[in-house]
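Student: with the input below, show me the fold.
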Amino acid sequence: MDARTEPAQVAPAAVTRPPLVREILLVAGLFLVYKAGRQLAAGHTAEAYRNADRVWDLERAVQLPGEGAVQSLLLHGDGLPQIANTYYATVHFPATAAFLVWLYLRRPAHYVWARRVLAAVTAAALVLHLGFPLAPPRMLAATGLVDTGHVYGPSVYGPPRTDHLSNQFAAMPSLHFGWALMVAVGLILVTRSRLRWLWLLHPLVTLLVIVGTANHYWLDALAATALLGVALAAIRPPHRTATTADDGRARPVPAQASAAGGAGSTEDVSEFEDSKDPEDSFEDSKDPEDAPLVGAGR
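Tutor: Okay, here's the model as predicted:
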């Protein structure tokens, strides 16, 4: 082995990348459990519409902006409804999956943290979907909103009575927005570019899309934000160190640098001895027999 590239000793607290097969099975299992749980919440049609009326009235009572204002801008743009519907249908899962894969490869410690946060938010959302079924605004006649997926396409949903692949009464909280916000928070946390704050455009665009396509209310996004805030407060991210910031591989350290480091520590001791309090040196030099020893020590 070349003495110039001696491998650095790995600290006991070094983060190792979780086994890939285990992570794939874990994430896939969590997704299947979530999909099965959403199906358990299906079928509560009357309750979902009653809750939709309550949410719509609450938003008006607290004077939140009308979802119709966002959709009006969307419908007046040439091709914007199709773009928004495509974004809603195709960006949600791939963006989150790409985020997790990148963290797994480049920031293993932060990957474990992000996976736990997303799992916690999704589990809490499932509980709310079961306990509070909610019809989206596109299904509520009182909103006057257009189902852009049905009218302009593409749509990820079929008729509620025959759609057995998804639960359309799981509007609150919006995991489209919750996951997008987590992706932005995670990337801002683990990267150091001055442009990293632009990742907030992802949840911002997602918010405009889910509201403009009438798939979610404003309160759906607020509920997702609250769940994410609780999860982030309970599951703390790892400290960004040389260990957590690398890609999980040991880096070679030149042997000369190691030797220089050892010499530096000896010099530090000498400097500490020379920097003793002058009063201590004065007290030592008062004894005639000790004076030559002090001089020799210098």
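Student: make it CA atoms for all contacts and neighbour counts henceforth
Tutor: Fine.
Student: next, the buried residues of stretch 125-135.
Tutor: 125-126, 128-130, 132-135 (16 or more other Cα atoms under 10 Å).
Student: and if you look at stretch 201-218?
Tutor: So for stretch 201-218, counting by 16+ other Cα under 10 Å, buried means 202-203, 206-218.
Student: I'd like to know which elements the strand or helix carrying N85 is packed against.
Tutor: N85 is located in helix 80-90, with elements delineated by DSSP states H and E. Under the contact criterion of 3 or more Cα pairs under 8 Å, 6 or more residues apart in numbering; DSSP states H and E, helix 80-90 touches helix 67-75, helix 148-151, helix 201-212.
Student: which one of those lies nearest to L25?
Tutor: Closest approach to L25 among these (Cα to Cα): helix 201-212, 27.4 Å.
Student: now find how far off-centre that closest one is within its chain.
Tutor: 16 Å (Cα atoms, centre = their mean, to the nearest Å).
Student: which residues outside that helix are in contact with it?
Tutor: 67-68, 70-72, 74, 84-85, 87-88, 176-177, 180-181, 184, 216-218, 221 (Cα atoms under 8 Å, 6 or more residues apart in numbering).
Student: mean confidence score for it?
Tutor: Averaged over helix 201-212, pLDDT sits at 97.
Student: tell me the buried residues in whichever helix or strand comes after that helix?
Tutor: Downstream of helix 201-212, the first helix or strand assigned by DSSP H and E is helix 218-234. By 16+ other Cα under 10 Å, the buried positions in helix 218-234 come out as 218-225, 227-229, 231-232.
Student: any idea how far the longest helix seen in the chain is from the chain center?
Tutor: Ranked by residue count and defined by DSSP state H, the top helix of the chain is helix 108-131. Between the centre of helix 108-131 and the centre of its chain there are 10 Å (Cα atoms, centre = their mean).
Student: sorry, back to before: between the buried residues of helix 218-234, which is closest to T45?
Tutor: Nearest to T45 out of these is D220 (Cα to Cα; 18.2 Å).
Student: that closest one and P173 touch, don't they?
Tutor: Yes. Counting by Cα atoms under 8 Å, D220 sits close enough to P173 to count as a contact (4.5 Å).
Student: out of the helices and strands packed on helix 80-90, which is closest to A95?
Tutor: helix 201-212 (9.4 Å).
Student: now for the helices and strands packed on helix 80-90, which one comes closest to F99?
Tutor: Proximity to F99 (Cα to Cα) singles out helix 201-212 among the helices and strands packed on helix 80-90, at 12.1 Å.
Student: and that closest one with helix 218-234, angle?
Tutor: Helix 201-212 and helix 218-234 are oriented at 150 degrees to each other (axes from the mean of the first three to the mean of the last three Cα atoms, to 10 degrees).
Student: now the residue nearest to the spatial centre of the chain: which helix or strand?
Tutor: When Cα atoms, centre = their mean is applied to the chain, the residue found nearest the centroid is M182 (3.1 Å). Using DSSP H and E, the element containing M182 is helix 175-190.
Student: what about R194, how many neighbours?
Tutor: 8 (other Cα atoms under 10 Å).
Student: so it belongs to a helix, correct?
Tutor: No. Applying DSSP: H, G, I helix; E, B strand; the rest coil, one finds R194 to be coil, outside a helix.
Student: and it, how far from T86?
Tutor: R194 sits 30 Å away from T86, going by Cα to Cα, to the nearest Å.
Student: just D78 next, same as before
Tutor: Counting by Cα to Cα - D78 and T86 are separated by 14 Å.
Student: give me the more crowded residue out of those two.
Tutor: Legend: neighbour count by other Cα under 10 Å for D78 and T86, higher for T86 (17 against 9).
Student: about what we covered before: mind putting the buried residues of helix 218-234 in TSV, pLDDT included?
Tutor: Formatted as TSV, these follow (pLDDT from 0 to 100):
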residue	pLDDT
W218	97
L219	97
D220	98
A221	98
L222	98
A223	98
A224	98
T225	98
L227	98
L228	98
G229	97
A231	97
L232	97
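Student: which one of those is nearest L25?
Tutor: Using Cα to Cα, the buried residues of helix 218-234 come closest to L25 at A231, 22.7 Å.
Student: and the closest residue to that closest one other than its chain neighbours, how close does it get to V185?
Tutor: Sequence neighbours aside, V117 is the residue nearest to A231 in space, at 5.8 Å (criterion: Cα to Cα, 6 or more residues apart in numbering). As judged by Cα to Cα, V117 and V185 stand 11 Å apart.
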